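In: take this sequence and fold it.
(one chain, ligands or ions: 2)
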Amino acid sequence: MLCEEREMAKKEYVPLFETRKVKGRILFRCIAASILLGICFIIMYRIRYFPVGGKAERWTWIGLFLSELWFSFYWLLTTVCRWNAVIRIPFIHRLSQRFGKELPGIDIFVCTADPLIEPPSLLVNTVLSMMAYDYPPEKLSVYLSDDGGSNLTFYAMLEAANFSKTWLPFCKKFQVESTSPEAYFRTASELVNVQEWLSVKKLYEDMKMRIETTIKLNQILEYIQKQHKGFREWDFVSSKHDHHTILQILIDGRGTNAADIEGNPLPTLVYLAREKRPQYHHHFKAGSMNALIRVSSKITNAPIILNVDCDMYSNNSKTIKSSLCIFMDEEKGDEIGYVQFPQCFYNLTKNEIYGSSLRVLLQLEVLGFDANGGPSYMGSGCFHRRETLCGKKYEKNYKVDWKKINDKKVNESASVLEETCKVLASCTFEHNTPWGKEMGLKYGTPVEDVVTGMSIQCNGWKSIYLNPEREGFLGVAPITLLQNLVQHKRWAEGLLQLFFSRYCPLLYGHRKIPLKLQLMYSTYKLWAANCLATWYIVVVPCLCLLKGISLFPKISSPWVLPFVYVTFVHRAHSLAEFLWCGGTFRGWCNDQRIWLIKRTTSYLFAFFETILKLLGYSQLNFVVTAKVADEDVSKRYDQELIEFGAASPMFDIIKNEGIHPKPTHLAKLTLTQNSKV
Ligand SMILES: O=c1ccn([C@@H]2O[C@H](COP(=O)(O)OP(=O)(O)O[C@H]3O[C@H](CO)[C@@H](O)[C@H](O)[C@H]3O)[C@@H](O)[C@H]2O)c(=O)[nH]1
Ligand SMILES: [Mn+2]
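Out: Ligands and ions are numbered 1, 2, ... in the order given. Prediction:
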């Protein structure tokens, strides 16, 4: 009988999302096979023609051979990433039909760390865009974690809470996209209703001006301070590194006071600055996320958590619903731990001078992850199941009863919650608990996202990648060369450290995730390790040319063919991929240049710092990427000029490198470069 019922249910089942295979994989596999053949010939050549002459010849030959072997191995890893690929298509209308009023609560976590390099006006836009999702407001809550512990940020949030009363009904009425006011007023070409449009725009601009003036003044005027009890908390704050927990529920979505100008309910909005004391490590973003997980569990406790960086505003009001199509699919949804959206950027220029769109990675390679267990967690634009994030292991036949989850109610008043939840965000709360290890985001690494995602997959969950045509989230890509290199150094270093830790995908993931996924993770974790072989190839053959040592076959020899073939086809394939992902030819050339620069600077520094850390000589650190720049810098960025900005040892390296051998060339590059090199 039961069996029959199940059969019936199966027949009626209409999926909420669909999986499609990416085309062109057979062609790719043929190309890969031909490159592999070429590599075999190169290896044969290296062995057969091993020089018998001088010592220098032999050693340089061995060095080159090892570099080539490394590159071949690395190429194999990248080929695994591309072997199969899938895309997912959610059916939002089916979700609404089927679940109507039974949609689950969503807690949105936004993290910020510093009001100077992550301006509150940017943050306000992110928060407003999140509050304006096309989703029942009583089921939506936005939590901000302020690691800067700044009353300026708090003030900006109050302004956001206030403006949301006008902004949300406006978005709803005119179906605004994007729901970030800044982005909307920057790009909206059509005036929906001139009067209303202008008045909301004016309200927004006034608010922005008030926030920016306050930031410039660097203090909150007295009359503003009187408007909210929360400001009094700062009377006891000595510095951003030394203060108690500040928790303020700015909008209590359950209350009757929480209504917009048209009387509709508003989402809950919470401000949290967790406790900080100099003697306790705060574990950067992972620490603040874990504090948010605990605090939110007592206030709204939504079963799904969306996490974004402070600059990543929502660009698509349907994003929550698309992600729910995955989680709530009756057949495949229950095994999904998280749904990741790509990190897209609104400030990219046409030819992406710094290659910061990560185009091929986000549009192609990650589809390979998805075909083999799921994408890595990328820190922003990711929907998690709360229990998965808290360390729950997947059990076969696990089923969520969405109705039951919806029924939880919290009765305490906002002010009681503010007091009772403080302890959850204190420095000592996590002592002798599994937080940071088995629960929540993992500590001890600057790439908490990657390791947390991988451990969720090792707990038996799958993940899914959604990349809708209209981007789900848009953020700020770093706009100077140094910012780019420093960001990549943080990533490469964090990833390599993981490779040498107990979280090495080959060991930690053994028998828990598919082998292919283990190898894909390794590709990223070994980014930094590329620096040595790259340096060798950049420097040694040139020196050998000067010394008359021959390392490659003569043009007339047939052995030259595999070298030419592999180089040419490999690069042509890379170009084709780049264009397929929507890039330009020049963009690809820029990407190649930045690729070489990164490999010889960021990765080199990351490599040696990892070794120092392994030996215990260096400490963990997280350099937050700036999200503002002065006007001149932005202008040069728009003109696609490389910005060197502050001095850095990384630049000394570029100066001496093969790409631009003459220092004068570098100076010229600074001033006049327009990506022609
Ligand atoms: O002590 C800290 C440091 C950072 N952050 C926040 O973490 C986010 C990411 O920092 P950012 O400097 O923008 O790093 P990115 O390199 O742009 O971010 C990517 O890489 C990080 C790991 O290296 C992940 O944490 C991010 O989610 C991911 O988007 C920002 O919102 C910060 O405000 C904190 O909350 N506390
Ligand atoms: Mn960022």
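In: for ligand 1, what is the nearest residue in the stretch 301-450 of the chain?
Out: Residue nearest to ligand 1 within the stretch 301-450 of the chain: residue 379 (2.2 Å; C-beta to the nearest ligand atom). Using the backbone N, CA and C atoms, a C-beta is placed for each residue, glycine as well.
In: any idea how far residue 293 is from residue 428?
Out: Look at residue 428 and residue 293: by C-beta to C-beta, to the nearest Å, they are 17 Å apart.
In: next one: residue 588
Out: Relative to residue 293, and taking C-beta to C-beta, residue 588 is found at 41 Å.
In: contacting residues around residue 282?
Out: Neighbour list for residue 282: 147, 274, 276, 288, 427 [criterion: C-beta atoms under 8 Å, 6 or more residues apart in numbering].
In: enumerate the residues of the stretch 101-250 of the chain near ligand 1.
Out: Residues of the stretch 101-250 of the chain lying near ligand 1 by C-beta under 6 Å from any ligand atom: 111, 112, 113, 118, 145, 147.
In: ok, of these, which come out buried?
Out: Neighbour counting by 16 or more other C-beta atoms under 10 Å classes 111, 112, 113, 118, 145, 147 among those as buried.
In: of these, which is the nearest to residue 300?
Out: Residue 300 lies nearest to residue 145 out of those, by C-beta to C-beta, at 15.0 Å.
In: okay, and the closest one sits in which element?
Out: Using DSSP states H and E, residue 145 sits within strand 140-146.
In: got the CA coordinates for that strand in PDB?
Out: Provided in PDB are the C-alpha atoms of strand 140-146 (Å, rounded to 0.1, in the frame of the first residue of the first chain):
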ATOM      1  CA  LEU A 140      12.400  37.900   5.800                       C
ATOM      2  CA  SER A 141      15.000  39.200   8.300                       C
ATOM      3  CA  VAL A 142      18.300  41.000   7.600                       C
ATOM      4  CA  TYR A 143      21.100  40.800  10.200                       C
ATOM      5  CA  LEU A 144      24.100  43.000   9.900                       C
ATOM      6  CA  SER A 145      27.300  42.100  11.600                       C
ATOM      7  CA  ASP A 146      29.500  45.100  12.100                       C
END
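In: for residue 322, which non-adjacent residue is spatially closest?
Out: The shortest distance from residue 322 to any non-neighbouring residue, by C-beta to C-beta, 6 or more residues apart in numbering, is to residue 90 (4.2 Å).
In: okay, now residue 652: neighbour count?
Out: Neighbours of residue 652 under the rule other C-beta atoms under 10 Å: 13.
In: over to the one 3 residues further on?
Out: Burial of residue 655 is recorded as 16 neighbouring residues (other C-beta under 10 Å).
In: my guess is residue 382 contacts residue 342. True?
Out: No - if you go by C-beta atoms under 8 Å, residue 382 and residue 342 don't touch, sitting 10.4 Å apart.
In: list the residues that contact residue 273.
Out: Per C-beta under 8 Å, 6+ apart, neighbours of residue 273: 145, 146, 147, 148, 149, 150, 154, 243, 245, 246, 247.
In: revised request: answer the last question for residue 90.
Out: 16, 17, 321, 322, 323, 325, 326, 466, 468.
In: and those residues, which of them are in helices?
Out: Within these, residues falling in helices by DSSP state H are 321, 322, 323, 325, 326.
In: for the stretch 451-600 of the chain, which residues are neighbours of ligand 1?
Out: Residues of the stretch 451-600 of the chain lying close to ligand 1 by C-beta under 6 Å from any ligand atom are 487, 490, 491, 494.
In: same deal with the stretch 301-450 of the chain?
Out: Within the stretch 301-450 of the chain, the residues that sit near ligand 1 (C-beta under 6 Å from any ligand atom) are 309, 310, 343, 379, 380, 446, 447, 448, 449.
In: and the gap between the fourth one and residue 453?
Out: Computed as C-beta to C-beta, the residue 379 to residue 453 distance reads 9 Å.
In: switch the contacts of residue 282 over to CSV; also include secondary structure and distance to residue 637.
Out: CSV is the format used below for those (DSSP: H, G, I helix; E, B strand; the rest coil; distance: C-beta to C-beta, whole Å):
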residue, secondary structure, distance to residue 637
147, coil, 27
274, coil, 34
276, strand, 34
288, helix, 29
427, coil, 39
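In: and residue 291, how many neighbours?
Out: Using other C-beta under 10 Å: residue 291 sits among 30 other residues.
In: which residues sit in contact with it?
Out: Shown in contact with residue 291 (C-beta under 8 Å, 6+ apart): 145, 272, 274, 424, 425.
In: what would those residues look like in CSV with pLDDT?
Out: CSV is the format used below for the contacts of residue 291 (pLDDT from 0 to 100):
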residue, pLDDT
145, 98
272, 98
274, 98
424, 98
425, 98
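In: quick one: which of the residues you listed is most hemmed in?
Out: Greatest neighbour count in these, by other C-beta under 10 Å, goes to residue 274: 27 neighbours.
In: how about that residue, phi and psi?
Out: Main-chain torsions, residue 274, degrees, to the nearest 10: phi -70, psi 160.
In: ok, the one 10 residues further on next?
Out: Dihedral angles phi and psi of residue 284 (degrees, to the nearest 10) take the values phi 50, psi -140.
In: how many neighbours does the closest residue to it other than its chain neighbours have?
Out: The spatial neighbour of residue 284 that comes closest, neighbours along the chain excluded (C-beta to C-beta, 6+ apart), is residue 622 at 4.4 Å. By other C-beta under 10 Å, the residues close to residue 622 number 16.
In: surely residue 622 and residue 283 touch.
Out: No - contact criterion C-beta under 8 Å: residue 622 and residue 283 do not qualify, at 9.3 Å.
In: if we can go back for a sec, residue 379 and residue 453: who's more crowded?
Out: Taking other C-beta under 10 Å, residue 379 and residue 453 do not tie; residue 453 has more neighbours (28 against 23).
In: buried residues in whatever helix or strand the more buried one lives in?
Out: Using DSSP H and E, residue 453 sits within helix 448-458. Residues 448, 449, 450, 451, 452, 453, 454, 455, 456, 457, 458 are the ones in helix 448-458 that count as buried (16+ other C-beta under 10 Å).
In: and for stretch 458-469?
Out: 458, 459, 460, 461, 462, 463, 464, 465, 466, 467, 468.
In: also stretch 278-297?
Out: By neighbour count on 16+ other C-beta under 10 Å, the buried set for stretch 278-297 is 282-297.
In: so how far is that stretch from its chain's centroid?
Out: Relative to its chain's centre, stretch 278-297 lies at 19 Å (C-alpha atoms, centre = their mean, to the nearest Å).
In: is ligand 1 contacted by that stretch?
Out: Yes - for stretch 278-297 and ligand 1, the contact criterion (C-beta under 6 Å from any ligand atom) is met by 284, 285, 288.
In: put together JSON lines for those residues, with distance to residue 547 on each row.
Out: Formatted as JSON lines, those follow (distance: C-beta to C-beta, whole Å):
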{"residue": "284", "distance to residue 547": "48"}
{"residue": "285", "distance to residue 547": "50"}
{"residue": "288", "distance to residue 547": "55"}
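In: I figured residue 99 hits residue 330, correct?
Out: No - here residue 99 lies out of contact with residue 330, judged by C-beta under 8 Å, at a distance of 10.8 Å.
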